[in-house]
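>>> Sequence first, then the predicted structure:
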Number of protein chains: 2
Amino acid sequence: MFAIGKASEQSGVNIETIRYYEREGIVPKPGRSAGGRRLYSPDEIAKLRFVRRCRDLGFPIAIIQTFLSLTEQDDRSCGEVKTLAENHLDEINAKIENLTRLREALLSLSANCDDGTAACPMLNSLMKDGFGEDRSNECRH
Amino acid sequence: MFAIGKASEQSGVNIETIRYYEREGIVPKPGRSAGGRRLYSPDEIAKLRFVRRCRDLGFPIAIIQTFLSLTEQDDRSCGEVKTLAENHLDEINAKIENLTRLREALLSLSANCDDGTAACPMLNSLMKDGFGEDRSNECRH
DNA sequence: GCTTGCTCCTGTAGCCACTACAGGAACTAA
DNA sequence: TTAGTTCCTGTAGTGGCTACAGGAGCAAGC
């Protein structure tokens, strides 16, 4: 059994984050020592490491909770995992596309930014009335 | 002069967000009608639209505040803008790289996810002890 | 046994950039 | 006048942590 510091080291999860996961019920409450300190078994540490790896992959906590409950069942129902992973992949792809478009926009905006004129053309473009705007759009809520 | 609803429509900034920007001092307080309602001039609406466009480009509020104070000065000092934009571009590129690596990781993890075995190989890999781990890493704080 | 310094405890507040109410007041059109 | 819409303030919640304050436990050296 390991104290929270060792559990943090071995799982790669920050101490404060471990306590946060416990508060939120994301991982089960560990046992305590006579003095009231948390004690983690290797299995509990593995669970923490699992959560960190999923977070590193960008999965939100809610999905990770589903994963954890699936690992509790003996058949780690693969279909469900694959669906969740594919949805997440779609989101990642969407983010990459967004960022790529954003990069292009920013590049073309800042391209003229060293032509020596007094007023910055990038700020001017962003202040202008109809720049890059789709008039058919409503206010986004 | 326009009430907050029209200002929201014309700037593309949510009403609640406009009030939030005002509370936080990101945009100046507008005038008020006799009955106490906010009244926005076209210039103030342009400022809101500017903030939204910068947010759409992914700039954090703190940077946008710098932009706004630069637009107050008559020489919209282009050098500073370009530097901020380039730093932001670096961050965007870093995010894209991260997401791309993440996508590869997720793809290879979920690749074996339909081989019909009971235990999901993706969850198994993530639970395993030394999977994809760089042992030289310390706990990240 | 006592001190020093480290680790751990609880509880609360802060981060970012909003978003979502509740409960009430003011305006507009029929 | 009345009904419906828009607006007001103030507060609390979101996700996923992170950072304290103020105290208690514990191990090693003297």
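Thanks, I have the structure now. Numbering: from 1, shown residues only, chains lettered A, B, ... in the order given.

>>> Spatially nearest residue to the residue positioned nearest the centre of chain A, not counting backbone neighbours?
For chain A, the residue nearest the mean C-alpha position is A:Gly58 (4.0 Å; Cα atoms, centre = their mean). Closest residue in space to A:Gly58, ignoring its immediate chain neighbours: B:Leu102 at 5.7 Å, by Cβ to Cβ, 6 or more residues apart in numbering or on different chains. Glycine gets a C-beta too; all of them are placed from N, C-alpha and C.

>>> Which of the helices or strands spans the one you found?
helix B:78-110 (DSSP states H and E).

>>> For the residue in chain A positioned nearest to DNA strand C, which non-adjacent residue is spatially closest?
Chain A approaches DNA strand C most closely through A:Gly5 (2.4 Å), counting by Cβ to the nearest atom of the strand. Of all residues not flanking A:Gly5 in the chain, A:Ile15 sits nearest, at 6.6 Å (Cβ to Cβ, 6+ apart).

>>> Wait, that neighbour touches A:Ala3, no?
No: judged on Cβ atoms under 8 Å, A:Ile15 makes no contact with A:Ala3 at a distance of 9.8 Å.

>>> Pull the number of nearby residues for A:Lys100.
That one is not Lys; residue A:100 is Thr. 13 (other Cβ atoms under 10 Å in any protein chain shown).

>>> picking that back up, quick one: which of A:Ile15 and A:Ala3 has more around it?
Using other Cβ under 10 Å, the more surrounded residue of A:Ile15 and A:Ala3 is A:Ile15, with 16 against 13.

>>> Return the residues of chain A in contact with DNA strand D.
Proximity of chain A to DNA strand D (Cβ under 7 Å from any atom of the strand) is limited to residues A:14, A:16-17, A:20, A:33-37, A:55, A:60-62.

>>> tell me the pLDDT at the residue lying closest to A:Ala3 once chain neighbours are set aside?
By the measure of Cβ to Cβ, 6+ apart, the closest residue to A:Ala3 outside its immediate chain neighbours is A:Arg37, 5.8 Å from it. Per-residue pLDDT puts A:Arg37 at 96.

>>> Highest neighbour count among the residues of chain A next to DNA strand D?
Within the residues of chain A next to DNA strand D, A:Thr17 tops the neighbour count with 18 neighbours, counted by other Cβ under 10 Å.

>>> quick revisit: next, work out how far apart the residue nearest to A:Ala3 and A:Gly31 are.
10 Å (Cβ to Cβ, to the nearest Å).

>>> Just the element for A:Ile63, please.
Here A:Ile63 is assigned to helix A:61-72, by DSSP H and E.

>>> show me where pLDDT drops low in chain A?
Applying pLDDT under 70 to chain A picks out residues A:74-76, A:115-118, A:130-141.

>>> distance between the helix or strand hosting A:Glu44 and the chain's centre?
Assigning secondary structure by DSSP H and E places A:Glu44 in helix A:42-56. Computed by Cα atoms, centre = their mean, to the nearest Å, the chain-centroid distance of helix A:42-56 equals 15 Å.
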